[in-house]
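Trainee: This is the structure alone, sequence omitted:
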(Lines give C-alpha, C1' and ligand atoms only; values in the text may rest on other atoms or scores of the structure.)
Protein backbone atom coordinates (compact mmCIF):
# COMPACT_ATOMS: atom_id res chain seq x y z
CA UNK A 1 0.00 0.00 0.00
CA UNK A 2 1.31 3.46 -0.83
CA UNK A 3 0.46 6.99 0.16
CA UNK A 4 1.78 9.70 -2.12
CA UNK A 5 1.00 13.01 -0.43
CA UNK A 6 3.97 14.85 -1.95
CA UNK A 7 5.11 13.82 -5.40
CA UNK A 8 8.69 12.71 -5.96
CA UNK A 9 10.98 15.70 -6.59
CA UNK A 10 8.47 18.18 -5.18
CA UNK A 11 10.77 21.05 -6.07
CA UNK A 12 13.05 23.38 -4.16
CA UNK A 13 10.32 25.17 -2.19
CA UNK A 14 9.51 22.27 0.13
CA UNK A 15 13.21 21.51 0.52
CA UNK A 16 14.00 25.12 1.50
CA UNK A 17 11.25 25.09 4.13
CA UNK A 18 12.57 21.82 5.54
CA UNK A 19 16.13 23.17 5.62
CA UNK A 20 14.97 26.32 7.44
CA UNK A 21 13.12 24.24 10.02
CA UNK A 22 16.22 22.08 10.46
CA UNK A 23 18.35 25.20 10.89
CA UNK A 24 16.03 26.69 13.53
CA UNK A 25 15.79 23.42 15.44
CA UNK A 26 19.57 22.82 15.47
CA UNK A 27 20.22 26.45 16.45
CA UNK A 28 18.27 25.72 19.63
CA UNK A 29 20.40 22.64 20.20
CA UNK A 30 23.57 24.66 19.51
CA UNK A 31 22.62 27.23 22.14
CA UNK A 32 22.77 24.57 24.84
CA UNK A 33 25.84 22.49 23.94
CA UNK A 34 28.72 24.93 24.72
CA UNK A 35 26.96 26.14 27.89
CA UNK A 36 26.22 22.67 29.25
CA UNK A 37 29.52 22.16 31.14
CA UNK A 38 29.14 25.49 32.92
CA UNK A 39 25.45 24.78 33.54
CA UNK A 40 26.43 21.47 35.14
CA UNK A 41 29.05 23.18 37.27
CA UNK A 42 26.36 25.54 38.60
CA UNK A 43 24.86 22.45 40.33
CA UNK A 44 28.28 21.58 41.76
CA UNK A 45 28.73 18.64 39.36
CA UNK A 46 32.30 17.31 38.86
CA UNK A 47 33.74 16.61 35.40
CA UNK A 48 32.54 12.99 35.25
CA UNK A 49 28.95 14.01 36.06
CA UNK A 50 29.08 16.75 33.41
CA UNK A 51 30.07 14.21 30.77
CA UNK A 52 27.14 12.02 31.88
CA UNK A 53 24.94 15.07 31.28
CA UNK A 54 26.29 15.09 27.71
CA UNK A 55 25.80 11.36 27.29
CA UNK A 56 22.19 11.43 28.54
CA UNK A 57 21.08 13.25 25.40
CA UNK A 58 22.84 10.69 23.22
CA UNK A 59 21.27 7.81 25.17
CA UNK A 60 17.92 9.36 24.31
CA UNK A 61 18.89 9.76 20.64
CA UNK A 62 19.97 6.12 20.52
CA UNK A 63 16.46 5.19 21.66
CA UNK A 64 14.70 7.79 19.52
CA UNK A 65 16.41 7.33 16.13
CA UNK A 66 15.09 3.83 15.32
CA UNK A 67 11.81 4.50 17.19
CA UNK A 68 10.80 7.63 15.29
CA UNK A 69 11.89 6.13 11.98
CA UNK A 70 9.49 3.21 12.41
CA UNK A 71 6.69 5.46 13.70
CA UNK A 72 7.09 7.83 10.73
CA UNK A 73 6.89 4.90 8.31
CA UNK A 74 3.57 3.91 9.86
CA UNK A 75 1.93 7.27 10.66
CA UNK A 76 3.78 9.78 8.48
CA UNK A 77 6.78 12.13 8.68
CA UNK A 78 4.94 15.36 9.50
CA UNK A 79 3.21 14.23 12.75
CA UNK A 80 6.47 12.75 14.03
CA UNK A 81 8.38 15.96 13.28
CA UNK A 82 5.67 17.99 15.03
CA UNK A 83 5.70 15.78 18.11
CA UNK A 84 9.46 15.59 18.47
CA UNK A 85 10.26 19.25 17.82
CA UNK A 86 7.56 20.32 20.31
CA UNK A 87 8.93 17.90 22.92
CA UNK A 88 12.45 19.25 22.40
CA UNK A 89 11.20 22.81 23.04
CA UNK A 90 9.38 21.77 26.21
CA UNK A 91 12.52 20.03 27.48
CA UNK A 92 14.55 23.24 27.00
CA UNK A 93 12.02 25.32 28.94
CA UNK A 94 11.86 22.77 31.74
CA UNK A 95 15.67 22.62 31.82
CA UNK A 96 15.76 26.39 32.36
CA UNK A 97 13.91 25.90 35.66
CA UNK A 98 15.56 22.65 36.81
CA UNK A 99 16.44 22.79 40.50
CA UNK A 100 19.01 20.00 40.74
CA UNK A 101 21.44 17.92 38.69
CA UNK A 102 19.28 14.77 38.50
CA UNK A 103 16.26 16.67 37.19
CA UNK A 104 18.50 18.21 34.54
CA UNK A 105 19.84 14.73 33.71
CA UNK A 106 16.31 13.35 33.23
CA UNK A 107 15.34 16.31 31.03
CA UNK A 108 18.42 15.80 28.87
CA UNK A 109 17.41 12.15 28.40
CA UNK A 110 13.85 13.10 27.41
CA UNK A 111 15.15 15.82 25.09
CA UNK A 112 17.48 13.31 23.47
CA UNK A 113 14.66 10.84 22.80
CA UNK A 114 12.73 13.62 21.07
CA UNK A 115 15.91 14.79 19.34
CA UNK A 116 16.43 11.43 17.66
CA UNK A 117 14.47 12.70 14.66
CA UNK A 118 17.31 13.37 12.22
CA UNK A 119 16.58 10.12 10.39
CA UNK A 120 12.97 11.27 9.93
CA UNK A 121 14.18 14.54 8.41
CA UNK A 122 16.49 12.65 6.06
CA UNK A 123 13.67 10.25 5.18
CA UNK A 124 11.47 13.25 4.31
CA UNK A 125 14.17 14.51 1.94
CA UNK A 126 14.48 11.02 0.42
CA UNK A 127 10.69 10.89 -0.02
CA UNK A 128 10.58 14.02 -2.17
CA UNK A 129 13.86 13.54 -4.07
CA UNK A 130 14.77 11.33 -7.05
CA UNK A 131 17.64 8.90 -6.38
CA UNK A 132 20.11 10.81 -8.57
CA UNK A 133 19.67 13.99 -6.46
CA UNK A 134 19.40 12.36 -3.05
CA UNK A 135 23.04 12.49 -1.90
CA UNK A 136 23.41 16.16 -2.80
CA UNK A 137 20.21 17.12 -0.99
CA UNK A 138 21.16 15.12 2.09
CA UNK A 139 24.38 17.13 2.05
CA UNK A 140 22.29 20.31 2.18
CA UNK A 141 20.62 18.99 5.33
CA UNK A 142 24.10 18.61 6.82
CA UNK A 143 24.95 22.19 5.84
CA UNK A 144 21.73 23.45 7.48
CA UNK A 145 22.70 21.49 10.58
CA UNK A 146 26.13 23.16 10.63
CA UNK A 147 24.69 26.65 10.11
CA UNK A 148 22.29 26.09 13.00
CA UNK A 149 25.18 24.89 15.11
CA UNK A 150 27.02 28.07 14.16
CA UNK A 151 24.22 30.44 15.14
CA UNK A 152 23.22 28.66 18.34
CA UNK A 153 26.46 29.00 20.32
CA UNK A 154 26.71 32.70 19.42
CA UNK A 155 23.20 33.29 20.75
CA UNK A 156 23.87 31.25 23.87
CA UNK A 157 27.17 33.00 24.61
CA UNK A 158 25.53 36.44 24.30
CA UNK A 159 22.45 35.63 26.41
CA UNK A 160 24.10 33.87 29.34
CA UNK A 161 24.42 35.93 32.53
CA UNK A 162 27.56 34.90 34.40
CA UNK A 163 27.98 35.06 38.15
CA UNK A 164 24.39 34.36 39.29
CA UNK A 165 24.43 30.57 39.24
CA UNK A 166 21.93 28.36 37.44
CA UNK A 167 19.53 31.27 36.80
CA UNK A 168 22.13 32.82 34.51
CA UNK A 169 21.57 30.02 31.99
CA UNK A 170 17.80 30.54 31.91
CA UNK A 171 17.73 33.17 29.08
CA UNK A 172 19.58 31.02 26.48
CA UNK A 173 17.55 27.92 27.42
CA UNK A 174 14.28 29.83 27.04
CA UNK A 175 15.51 31.16 23.70
CA UNK A 176 16.16 27.56 22.58
CA UNK A 177 12.58 26.72 23.55
CA UNK A 178 11.32 29.69 21.52
CA UNK A 179 13.23 28.54 18.44
CA UNK A 180 11.64 25.10 18.75
CA UNK A 181 8.21 26.76 18.90
CA UNK A 182 8.99 28.62 15.66
CA UNK A 183 10.04 25.32 14.05
CA UNK A 184 6.73 23.75 15.14
CA UNK A 185 4.75 26.59 13.55
CA UNK A 186 6.77 26.28 10.33
CA UNK A 187 6.11 22.53 10.22
CA UNK A 188 2.36 23.03 10.69
CA UNK A 189 2.01 25.81 8.13
CA UNK A 190 4.44 24.93 5.35
CA UNK A 191 5.16 21.18 5.31
CA UNK A 192 2.88 18.63 3.71
CA UNK A 193 2.99 14.93 4.48
CA UNK A 194 5.74 13.30 2.40
CA UNK A 195 5.34 9.61 3.18
CA UNK A 196 5.40 7.52 0.02
CA UNK A 197 5.96 4.06 1.45
CA UNK A 198 4.39 2.09 4.29
CA UNK A 199 6.82 -0.66 5.27
CA UNK A 200 6.40 -3.45 7.75
CA UNK A 201 8.84 -3.28 10.66
CA UNK A 202 9.97 -6.90 10.32
CA UNK A 203 10.79 -6.40 6.62
CA UNK A 204 12.80 -3.27 7.39
CA UNK A 205 14.65 -5.11 10.16
CA UNK A 206 15.60 -7.89 7.77
CA UNK A 207 16.90 -5.36 5.25
CA UNK A 208 18.98 -3.63 7.92
CA UNK A 209 20.49 -6.91 9.12
CA UNK A 210 21.39 -7.74 5.53
CA UNK A 211 22.98 -4.31 5.18
CA UNK A 212 25.08 -4.85 8.32
CA UNK A 213 26.51 -7.98 6.67
CA UNK A 214 27.29 -6.03 3.50
CA UNK A 215 31.11 -5.84 3.07
CA UNK A 216 31.04 -2.07 2.46
CA UNK A 217 28.09 -0.78 4.52
CA UNK A 218 29.09 -2.77 7.60
CA UNK A 219 32.61 -1.29 7.50
CA UNK A 220 31.26 2.23 7.00
CA UNK A 221 28.93 1.91 9.99
CA UNK A 222 31.81 0.60 12.12
CA UNK A 223 33.91 3.57 10.99
CA UNK A 224 31.12 5.90 12.13
CA UNK A 225 31.03 4.19 15.52
CA UNK A 226 34.79 4.48 16.15
CA UNK A 227 35.26 8.00 14.75
CA UNK A 228 32.22 9.52 16.47
CA UNK A 229 33.20 7.98 19.80
CA UNK A 230 36.66 9.50 19.55
CA UNK A 231 35.40 12.94 18.51
CA UNK A 232 32.69 13.06 21.19
CA UNK A 233 35.36 12.42 23.83
CA UNK A 234 37.04 15.66 22.76
CA UNK A 235 33.77 17.57 22.35
CA UNK A 236 32.46 16.71 25.82
CA UNK A 237 35.54 18.06 27.62
CA UNK A 238 36.45 20.95 25.29
CA UNK A 239 34.87 23.66 27.45
CA UNK A 240 36.19 22.50 30.82
CA UNK A 241 39.63 21.77 29.31
CA UNK A 242 39.80 25.31 27.86
CA UNK A 243 38.62 26.70 31.21
CA UNK A 244 41.42 24.96 33.11
CA UNK A 245 44.14 25.62 30.53
CA UNK A 246 43.28 29.15 29.30
CA UNK A 247 40.66 30.40 31.80
CA UNK A 248 37.96 30.43 29.12
CA UNK A 249 34.29 31.00 30.02
CA UNK A 250 30.94 30.57 28.23
CA UNK A 251 31.52 33.56 25.92
CA UNK A 252 34.86 32.28 24.56
CA UNK A 253 33.54 28.74 24.17
CA UNK A 254 30.34 29.97 22.51
CA UNK A 255 32.24 32.06 19.95
CA UNK A 256 34.59 29.16 19.19
CA UNK A 257 31.64 26.82 18.58
CA UNK A 258 30.15 29.49 16.32
CA UNK A 259 33.36 29.45 14.28
CA UNK A 260 33.21 25.64 14.18
CA UNK A 261 29.67 25.72 12.81
CA UNK A 262 30.45 28.35 10.16
CA UNK A 263 33.56 26.55 8.96
CA UNK A 264 31.82 23.19 8.92
CA UNK A 265 28.89 24.56 6.89
CA UNK A 266 31.26 26.16 4.36
CA UNK A 267 33.33 23.01 4.02
CA UNK A 268 30.29 20.75 3.55
CA UNK A 269 28.72 23.09 0.99
CA UNK A 270 31.88 23.93 -0.99
CA UNK A 271 35.10 22.06 -0.22
CA UNK A 272 34.06 18.58 0.92
CA UNK A 273 32.30 17.72 -2.33
CA UNK A 274 35.35 18.69 -4.39
CA UNK A 275 37.59 16.69 -2.04
CA UNK A 276 35.36 13.62 -2.38
CA UNK A 277 35.26 14.05 -6.16
CA UNK A 278 39.05 14.26 -6.30
CA UNK A 279 39.96 11.32 -4.04
CA UNK A 280 36.79 9.22 -3.85
CA UNK A 281 34.55 8.71 -0.82
CA UNK A 282 36.69 6.13 1.00
CA UNK A 283 40.02 7.92 0.69
CA UNK A 284 38.46 11.31 1.47
CA UNK A 285 37.00 9.75 4.62
CA UNK A 286 40.37 8.32 5.64
CA UNK A 287 42.28 11.56 4.98
CA UNK A 288 39.69 13.59 6.91
CA UNK A 289 39.90 11.26 9.90
CA UNK A 290 43.71 11.41 9.98
CA UNK A 291 43.71 15.23 9.77
CA UNK A 292 41.12 15.52 12.56
CA UNK A 293 42.97 12.99 14.71
CA UNK A 294 46.31 14.76 14.41
CA UNK A 295 44.72 18.13 15.18
CA UNK A 296 43.00 16.81 18.31
CA UNK A 297 46.20 15.16 19.53
CA UNK A 298 48.34 18.28 19.02
CA UNK A 299 45.72 20.48 20.70
CA UNK A 300 47.31 19.64 24.06
CA UNK A 301 50.52 21.43 23.00
CA UNK A 302 48.86 24.76 22.15
CA UNK A 303 50.37 27.66 24.19
CA UNK A 304 47.32 29.98 24.25
CA UNK A 305 43.71 30.43 23.15
CA UNK A 306 44.59 31.82 19.71
CA UNK A 307 46.63 28.72 18.90
CA UNK A 308 43.78 26.57 20.21
CA UNK A 309 41.35 28.18 17.75
CA UNK A 310 43.89 27.65 14.96
CA UNK A 311 44.33 23.93 15.61
CA UNK A 312 40.57 23.51 16.02
CA UNK A 313 40.18 24.75 12.44
CA UNK A 314 42.03 21.66 11.19
CA UNK A 315 39.88 19.40 13.37
CA UNK A 316 36.76 20.90 11.80
CA UNK A 317 38.10 20.64 8.24
CA UNK A 318 38.92 16.97 8.72
CA UNK A 319 35.56 16.12 10.26
CA UNK A 320 33.51 18.09 7.73
CA UNK A 321 35.08 16.04 4.95
CA UNK A 322 34.02 12.81 6.63
CA UNK A 323 30.27 13.54 6.79
CA UNK A 324 29.43 13.69 3.05
CA UNK A 325 31.91 10.86 2.44
CA UNK A 326 30.03 8.56 4.84
CA UNK A 327 26.64 9.52 3.37
CA UNK A 328 27.98 8.98 -0.13
CA UNK A 329 29.37 5.54 0.69
CA UNK A 330 26.08 4.42 2.23
CA UNK A 331 24.18 5.80 -0.76
CA UNK A 332 26.44 4.07 -3.29
CA UNK A 333 26.31 0.71 -1.54
CA UNK A 334 22.56 0.58 -0.78
CA UNK A 335 19.37 0.47 -2.81
CA UNK A 336 17.24 3.65 -2.86
CA UNK A 337 14.53 2.19 -0.63
CA UNK A 338 17.13 1.29 2.02
CA UNK A 339 18.81 4.68 2.26
CA UNK A 340 16.47 6.22 4.83
CA UNK A 341 16.66 3.20 7.13
CA UNK A 342 20.44 2.94 6.82
CA UNK A 343 20.98 6.65 7.41
CA UNK A 344 18.82 6.30 10.50
CA UNK A 345 20.90 3.33 11.62
CA UNK A 346 24.05 5.38 11.03
CA UNK A 347 22.53 8.11 13.23
CA UNK A 348 21.72 5.58 15.96
CA UNK A 349 25.30 4.29 15.95
CA UNK A 350 26.55 7.88 16.14
CA UNK A 351 24.31 8.43 19.17
CA UNK A 352 25.64 5.26 20.82
CA UNK A 353 29.20 6.46 20.22
CA UNK A 354 28.31 9.82 21.81
CA UNK A 355 27.19 7.89 24.90
CA UNK A 356 30.44 5.99 25.31
CA UNK A 357 32.91 8.68 24.21
CA UNK A 358 32.01 11.32 26.83
CA UNK A 359 31.94 8.71 29.61
CA UNK A 360 35.47 7.62 28.72
CA UNK A 361 36.55 11.26 28.42
CA UNK A 362 35.10 12.16 31.81
CA UNK A 363 36.89 9.28 33.49
CA UNK A 364 40.18 10.15 31.77
CA UNK A 365 39.83 13.87 32.58
CA UNK A 366 39.08 13.23 36.26
CA UNK A 367 41.44 10.34 37.01
CA UNK A 368 44.36 10.54 34.53
CA UNK A 369 44.93 14.11 33.30
CA UNK A 370 43.05 16.92 31.57
CA UNK A 371 44.96 16.10 28.35
CA UNK A 372 44.13 12.38 28.35
CA UNK A 373 40.78 12.73 26.47
CA UNK A 374 42.57 14.41 23.57
CA UNK A 375 45.23 11.74 23.36
CA UNK A 376 42.45 9.14 23.36
CA UNK A 377 40.45 11.06 20.72
CA UNK A 378 43.42 11.68 18.43
CA UNK A 379 44.64 8.10 18.50
CA UNK A 380 41.08 6.81 18.16
CA UNK A 381 40.80 8.35 14.70
CA UNK A 382 43.60 6.12 13.37
CA UNK A 383 41.71 2.78 13.47
CA UNK A 384 38.70 4.59 11.96
CA UNK A 385 40.93 5.78 9.09
CA UNK A 386 42.22 2.21 8.64
CA UNK A 387 38.63 0.96 8.36
CA UNK A 388 37.91 3.63 5.73
CA UNK A 389 40.91 2.50 3.67
CA UNK A 390 39.64 -1.07 3.88
CA UNK A 391 36.34 0.13 2.46
CA UNK A 392 38.24 1.75 -0.41
CA UNK A 393 40.01 -1.54 -1.16
CA UNK A 394 36.71 -3.43 -1.15
CA UNK A 395 35.18 -0.92 -3.57
CA UNK A 396 38.20 -1.25 -5.87
CA UNK A 397 37.93 -5.06 -5.78
CA UNK A 398 34.21 -4.90 -6.57
CA UNK A 399 34.82 -2.56 -9.51
CA UNK A 400 37.53 -4.88 -10.85
CA UNK A 401 35.24 -7.90 -10.54
CA UNK A 402 32.46 -6.00 -12.29
CA UNK A 403 34.77 -5.07 -15.18
CA UNK A 404 35.91 -8.68 -15.53
CA UNK A 405 32.30 -9.88 -15.50
CA UNK A 406 31.38 -7.34 -18.20
CA UNK A 407 34.40 -8.34 -20.29
CA UNK A 408 33.46 -12.02 -20.07
CA UNK A 409 29.96 -11.30 -21.37
CA UNK A 410 31.30 -9.61 -24.51
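Mentor: All right, it came through fine. Since we're looking at a predicted model, the values are computed, not measured. Numbers count the residues shown, from 1 in each chain.
Trainee: Against residue 148, how distant is residue 35?
Mentor: Computed as C-beta to C-beta, to the nearest Å, the residue 35 to residue 148 distance reads 16 Å. Backbone N, C-alpha and C define where each C-beta goes, glycine included.
Trainee: Check residue 170 too.
Mentor: With C-beta to C-beta as the criterion, residue 170 and residue 148 are 21 Å apart.
Trainee: Equivalent analysis for residue 288, please.
Mentor: Counting by C-beta to C-beta, the gap from residue 288 to residue 148 is 21 Å.
Trainee: Compare those two (neighbour count), which wins?
Mentor: Taking other C-beta atoms under 10 Å, residue 288 and residue 148 do not tie; residue 288 has more neighbours (30 against 24).
Trainee: what stretches of the stretch 251-400 of the chain score poorly on pLDDT?
Mentor: 331-332, 334-341, 343-344, 399 (pLDDT under 70).
Trainee: show me where it has strands.
Mentor: In the stretch 251-400 of the chain, no strands are defined using DSSP state E, counting those that start in this stretch.
Trainee: what's near enough to touch the residue lying closest to residue 286 once chain neighbours are set aside?
Mentor: Distances taken as C-beta to C-beta, 6 or more residues apart in numbering place residue 388 nearest to residue 286, at 3.9 Å, with adjacent residues excluded. Contact analysis of residue 388 by C-beta atoms under 8 Å, 6 or more residues apart in numbering lists 223, 282, 283, 285, 286, 289, 325.
Trainee: hang on, the second one packs against residue 328?
Mentor: No. Between residue 282 and residue 328 there is no contact, the gap being 9.4 Å when judged by C-beta atoms under 8 Å.
Trainee: Compare neighbour counts for the two and give me the winner.
Mentor: Comparing residue 282 with residue 328 by other C-beta under 10 Å, the one with more neighbours is residue 282, at 27 against 24.
Trainee: Make sure residue 324 is actually in contact with residue 276.
Mentor: Yes. If you go by C-beta under 8 Å, residue 324 and residue 276 touch, sitting 6.0 Å apart.
Trainee: of these two, who's got more company?
Mentor: Of the pair residue 324 and residue 276, residue 324 is the one with more neighbours under other C-beta under 10 Å, namely 27 against 23.
Trainee: how near is the more buried one to residue 271?
Mentor: In terms of C-beta to C-beta, residue 324 sits 10 Å off from residue 271.
Trainee: and if you look at residue 237?
Mentor: In terms of C-beta to C-beta, residue 237 sits 28 Å off from residue 271.
Trainee: So which of these two has more stuff around it?
Mentor: Neighbours were counted for residue 237 and for residue 271 using other C-beta under 10 Å; residue 237 has more, 29 against 14.
Trainee: So what does that one have for phi and psi?
Mentor: Dihedral pair for residue 237: phi -110, psi 0, per degrees, to the nearest 10.
Trainee: and if you look at the one 10 residues further on?
Mentor: In this entry, residue 247 is assigned phi and psi values of phi 60, psi 40 (degrees, to the nearest 10).
Trainee: what's the burial count for it?
Mentor: Residue 247 has 9 neighbours, counted by other C-beta under 10 Å.
Trainee: Now do the contacts for it.
Mentor: Residue 247 neighbours (C-beta under 8 Å, 6+ apart): none.
Trainee: Look up phi and psi at residue 43.
Mentor: According to degrees, to the nearest 10, residue 43 has phi -90, psi 0.
Trainee: Spit out the contact partners of it.
Mentor: So residue 43 contacts 100, 101, 104, 166 (C-beta under 8 Å, 6+ apart).
Trainee: Inside helices: which ones of these?
Mentor: Taking DSSP state H, the ones among these that sit in helices are 101, 104.
Trainee: The residue nearest to residue 286 and residue 285, how far apart?
Mentor: In terms of C-beta to C-beta, residue 388 sits 4 Å off from residue 285.
Trainee: Report the set of residues contacting both of those two.
Mentor: 223, 325.
Trainee: quick one: which helix or strand includes residue 222?
Mentor: Here residue 222 sits within helix 217-246, counting by DSSP states H and E.
Trainee: Remind me what that helix packs against, helices and strands.
Mentor: helix 36-41, helix 47-75, helix 201-212, helix 250-266, helix 281-298, helix 305-333, helix 339-367, helix 372-409 (3 or more C-beta pairs under 8 Å, 6 or more residues apart in numbering; DSSP states H and E).
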